[in-house]
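Student: fold the stuff below for me.
(chains A and B)
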2 protein chains.
Amino acid sequence: MIATIEGGITAPRGFRAAGVHCGIKASNRDLALVVSDSPASAVGLFTTNQAQAAPVTISRQHLDATGGIARAIVVNSGCANACTGHAGLTVAHMMAAETARAIDCVAEEVLVASTGVIGVQLDPRTVADGIIAAAEHLAADGHADAAEAIMTTDVAPKAYAVEVDGPSGRFRVGGMAKGAGMIEPNMATMLAFVTCDAQMSPALLRRAVVEACDDTFNAITVDGDSSTNDTLFALANGASGTEVDASSYDTLVEGLRAVCLPLAKMIVSGGEGATKLVEVRVTGARTVEEARRAARTIANSLLVKTAVHGGDPNWGRLLAAAGRAGVDFSLQGARVAIGPTVLFEDGRPFDERAGEAAEYLKSRDIRLTVDVGAGGQADATIWTCDLSAEYVRINGEYRT
Amino acid sequence: MIATIEGGITAPRGFRAAGVHCGIKASNRDLALVVSDSPASAVGLFTTNQAQAAPVTISRQHLDATGGIARAIVVNSGCANACTGHAGLTVAHMMAAETARAIDCVAEEVLVASTGVIGVQLDPRTVADGIIAAAEHLAADGHADAAEAIMTTDVAPKAYAVEVDGPSGRFRVGGMAKGAGMIEPNMATMLAFVTCDAQMSPALLRRAVVEACDDTFNAITVDGDSSTNDTLFALANGASGTEVDASSYDTLVEGLRAVCLPLAKMIVSGGEGATKLVEVRVTGARTVEEARRAARTIANSLLVKTAVHGGDPNWGRLLAAAGRAGVDFSLQGARVAIGPTVLFEDGRPFDERAGEAAEYLKSRDIRLTVDVGAGGQADATIWTCDLSAEYVRINGEYRT
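Tutor: Numbering: from 1, shown residues only, chains lettered A, B, ... in the order given. Model prediction:
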């Protein structure tokens, strides 16, 4: 039993949060704190980009040092602290130390994340003041302020929480995220933070988080540009009294998924200039990996994204994208559908149905299905958004 | 000695061409013929897309059957004859047979190419009439009509020719191309045709063409969407009396490059909605393959392309793209320049030079340089265009 509840990142017991404005951005909240009242099992998943930002480097070191235990997450928006050299590392270090002082723990128990413009230095004094202010405002209902403080110019804050009733008892999962939508130039980062009040080891939490991310956060794409700062932190503090064991592991993964999937979809729906949420489903692949690769190629195709944006039932572009995805593919066995309308099957086109598909494309939620005709049983789903002229406008503006 | 000359695809001796309007498109020329007066060594390079169009299938079969000999190339625009099943194969067959009848050769000596909307059937009668008309108009100065007839809505015809004075004598190379710019929806195809009047075996021609394409046609990208129809045909008929041997092989490759590079750049400059030609140069890579992969990742990054379009000196996006390219990369050793302005070096940013870079980005020809810091000697160049709102508009319109 999984029920959606209010409360975002502070819905699980034993977590407090705050979000304040300290001046990194001209206006709006720009610094968030999430604190667990007791040491929590902690996991970090980071960008695979080799140009890693300073907070990514520091957070990795801290998780290594503690073996996966944390008390707090500190996040700033408005500056990515990426490509900032030694000065940037010093500030990221200081953010952890300052937070540790404020909540009385060791610096290694603090995880750090940043989002904003690349290559600009973060003013240490401004951030330190922000951390002190945020620590004073920590509250068990501070989730909304925190979700707001990690926004760059996302159109809306992204938060979700559930209560899970599993075989070993009840527990809650909460989360907040920040779009990969880069509503402003350079705001390329996807940040996601998940809290849970069940009890489990860092190793078990890691396994469950990796599994839950696989078909949620790792199954979305806005424009294929993974950032220097992408980070997901998950904390589990045991405050519910429910312990996760082998019998309730699947329930934990489901609970995490129940929070991660809505957050992931919010990120895509809120993509820069996006007007539609697009679900790309690939079937008939030899392996799940090939299904994912084909779905991702289709989802990242500019021609597919612009066609969806313009309501053009241009099904040939779906086949062309699948055909170049580098997976086992057979044109004779392939099948393409836009919504419920099949436009290619048994090696031949049904272009006369294009009008019906055009009608379907007027909706806000679009489902595209491609069978790659490899005769396999594997399938995968990737979520993306359409590509609009607004995306180009947003990302082409000079950063003044 | 390589000199640019007039005459496009018919500049080499012993070639005639024509371009007519037969009614596949509502107006404008839509069928081209290129004929060699004598059997020519012939090479075809085709799309790696597994969803291959009917003309690709037929042309492959013909080159296999003849062992690399051809008399003619027949091309239509306005319909890709892709994803058209058995009916499509029949029409592609017929196009070769009809051309063979008109110029008196066997069908296997005719190569076929198509470009246009995917999934729509090509009317056999219309095309047959076009072939008969084109054969009647074949002329030694027919290059301009032919170059026009392969356009979809490219902004301009793309043709180039050179005369090469090499160790074994003089010969000419001519060519024409059709943009991957997809000026109209679905017009994803890059078609390129190259003629040469030197004498050589099909095997030697293939080797030289592959080598010349490597850093010309294979070094450009508009949007990363390789089509179902991409084709390059090269014919060498020996009409100049110059024979290419081991001593003049390099001159042949240079001659081919001298035609392929301008055509490739014309394709990129003429990309849909493009306003700038962007040269992405990657240095310091371990291998040429890694240099190419990094350059291609940067060139295909939507964030890079929109920044260039908007004149935003957003150098962090170049580093972020290089960092996710899956090549050996070191942030400490990396270096980024926009034009002559270095914005990141020795592990630290020089963001204060952004204004200077913004000024440079106002030009039409843009050069971006990224050293990936892997300490290697390999480099590579990829050409692309910027991404404009016009691209989105063009590709989002319903195909009515």
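Student: report the mean confidence score over the longest helix along chain A.
Tutor: In chain A, taking DSSP state H as the definition, the longest helix is helix A:249-269. Per-residue confidence for helix A:249-269 averages out to 93 on the pLDDT scale.
Student: and stretch A:53-65, C-alpha only, in PDB?
Tutor: What follows is the C-alpha trace of stretch A:53-65 in PDB, where atoms were taken according to Å, rounded to 0.1, in the frame of the first residue of the first chain:
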ATOM      1  CA  ALA A  53      31.900  20.400 -10.000                       C
ATOM      2  CA  ALA A  54      33.600  21.100  -6.600                       C
ATOM      3  CA  PRO A  55      30.500  20.100  -4.500                       C
ATOM      4  CA  VAL A  56      30.500  16.700  -6.300                       C
ATOM      5  CA  THR A  57      34.100  16.200  -5.400                       C
ATOM      6  CA  ILE A  58      33.600  17.100  -1.800                       C
ATOM      7  CA  SER A  59      30.400  15.100  -1.300                       C
ATOM      8  CA  ARG A  60      32.100  12.000  -2.700                       C
ATOM      9  CA  GLN A  61      34.900  12.400  -0.300                       C
ATOM     10  CA  HIS A  62      32.600  12.800   2.700                       C
ATOM     11  CA  LEU A  63      30.500   9.700   1.800                       C
ATOM     12  CA  ASP A  64      33.700   7.800   1.500                       C
ATOM     13  CA  ALA A  65      35.000   9.100   4.800                       C
END
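Student: that one close to chain B?
Tutor: No: Stretch A:53-65 lies out of reach of chain B by Cβ under 8 Å from any Cβ of the partner chain, never closer than 9.8 Å. All C-beta atoms are positioned from the backbone trio N, CA, C, and that covers glycine.
Student: now stretch A:69-88
Tutor: Yes: looking at stretch A:69-88 against chain B by Cβ under 8 Å from any Cβ, the contacts come from A:A80, A:A82, A:C83, A:T84, A:G85, A:H86, A:A87.
Student: now for these: which two are most distant?
Tutor: Greatest spatial distance among the residues of stretch A:69-88 next to chain B (Cβ to Cβ): A:A80 and A:H86, at 16.2 Å.
Student: who has more neighbours out of the two?
Tutor: More neighbours sit around A:A80 than around the other of A:A80 and A:H86, counting by other Cβ atoms under 10 Å in any protein chain shown; the figures are 31 against 10.
Student: just checking, that one touches A:A51?
Tutor: No: judged on Cβ atoms under 8 Å, A:A80 makes no contact with A:A51 at a distance of 10.6 Å.
Student: mutual contacts of the two, please.
Tutor: A:T228 (Cβ atoms under 8 Å, 6 or more residues apart in numbering or on different chains).
Student: CA atoms only: put stretch A:340-353 into CSV for me.
Tutor: Once side chains and other backbone atoms are set aside, the C-alpha atoms of stretch A:340-353 remain, and they are given as CSV (Å, rounded to 0.1, in the frame of the first residue of the first chain):
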residue,chain,number,x,y,z
PRO,A,340,-3.3,4.4,-30.3
THR,A,341,-2.7,4.9,-34.1
VAL,A,342,-0.4,2.4,-35.8
LEU,A,343,1.3,4.1,-38.8
PHE,A,344,3.8,1.4,-39.9
GLU,A,345,3.5,-2.4,-39.5
ASP,A,346,4.4,-5.6,-41.4
GLY,A,347,6.9,-3.7,-43.6
ARG,A,348,4.5,-1.1,-44.9
PRO,A,349,3.2,2.4,-44.1
PHE,A,350,-0.3,3.4,-43.1
ASP,A,351,0.2,7.1,-43.9
GLU,A,352,-3.5,7.6,-44.5
ARG,A,353,-3.9,7.5,-40.7
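Student: low-scoring pLDDT stretches of the stretch 151-300 of chain A, where are they?
Tutor: A:153, A:180-189, A:224-226 (pLDDT under 70).
Student: find the closest residue to chain B in it.
Tutor: Nearest residue of the stretch 151-300 of chain A to chain B, counting by Cβ to the nearest Cβ: A:D223, 4.5 Å away.
Student: give the contact list for that residue.
Tutor: With contact set as Cβ under 8 Å, 6+ apart, A:D223 has these partners: A:M182, A:G271, A:N300, A:L387, A:Y391, B:L302, B:L303.
Student: tell me which element A:R317 falls in.
Tutor: When secondary structure is defined by DSSP states H and E, A:R317 falls within helix A:316-323.
Student: list the neighbouring strands of the strand ranked longest in chain A plus their orientation.
Tutor: As far as residue count goes, and with DSSP state E defining each element, the longest strand of chain A is strand A:31-46. Here the strand partners of strand A:31-46, with direction, are listed using DSSP bridges: strand A:15-20 (antiparallel), strand A:69-79 (antiparallel), strand A:231-236 (antiparallel).
Student: in it, what counts as buried?
Tutor: Using 16 or more other Cβ atoms under 10 Å in any protein chain shown as the test for burial, strand A:31-46 gives A:31-36, A:40-46.
Student: in a markdown table, list those along with pLDDT.
Tutor: A markdown table is the format used below for those (pLDDT from 0 to 100):
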| residue | pLDDT |
| --- | --- |
| A:L31 | 98 |
| A:A32 | 98 |
| A:L33 | 98 |
| A:V34 | 97 |
| A:V35 | 98 |
| A:S36 | 97 |
| A:A40 | 96 |
| A:S41 | 96 |
| A:A42 | 96 |
| A:V43 | 95 |
| A:G44 | 94 |
| A:L45 | 92 |
| A:F46 | 89 |
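Student: max pairwise distance over those: which two?
Tutor: Pairwise distances across the buried residues of strand A:31-46 (Cβ to Cβ) peak at 24.9 Å, for the pair A:L31 and A:S41.
Student: and the end-to-end length of stretch A:363-376?
Tutor: In terms of Cα to Cα, to the nearest Å, the two terminal residues of stretch A:363-376 are separated by 31 Å.
Student: ranges for the helices of the stretch 151-300 of chain A?
Tutor: Counting by DSSP state H, counting those that start in this stretch, the stretch 151-300 of chain A has these helices, from start to end: A:202-214, A:249-269, A:288-300.
Student: turn those helices into a markdown table, including distance to A:V342 and mean neighbour count.
Tutor: Supplementary listing: the helices of the stretch 151-300 of chain A in a markdown table, determined by distance: least, Cβ to Cβ, whole Å; neighbours: other Cβ atoms under 10 Å in any protein chain shown:
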| stretch | distance to A:V342 | mean neighbour count |
| --- | --- | --- |
| helix A:202-214 | 29 | 19 |
| helix A:249-269 | 25 | 22 |
| helix A:288-300 | 16 | 23 |
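Student: let's have those helices in JSON lines, adding distance to chain B.
Tutor: Converted to JSON lines, the helices of the stretch 151-300 of chain A look like this (distance: least, Cβ to the nearest Cβ, whole Å):
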{"stretch": "helix A:202-214", "distance to chain B": "18"}
{"stretch": "helix A:249-269", "distance to chain B": "15"}
{"stretch": "helix A:288-300", "distance to chain B": "8"}
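Student: where does A:A144 fall, phi/psi-wise?
Tutor: When quoted as degrees, to the nearest 10, the phi and psi of A:A144 stand at phi -70, psi -40.
Student: neighbours of it, how many?
Tutor: Neighbours of A:A144 under the rule other Cβ under 10 Å: 18.
Student: follow-up on the earlier one: and the helix holding A:R317, what does it pack against?
Tutor: In this structure, helix A:316-323 makes packing contacts with helix A:288-300, helix A:302-310, strand A:335-338, strand A:365-371, judged by 3 or more Cβ pairs under 8 Å, 6 or more residues apart in numbering or on different chains; DSSP states H and E.
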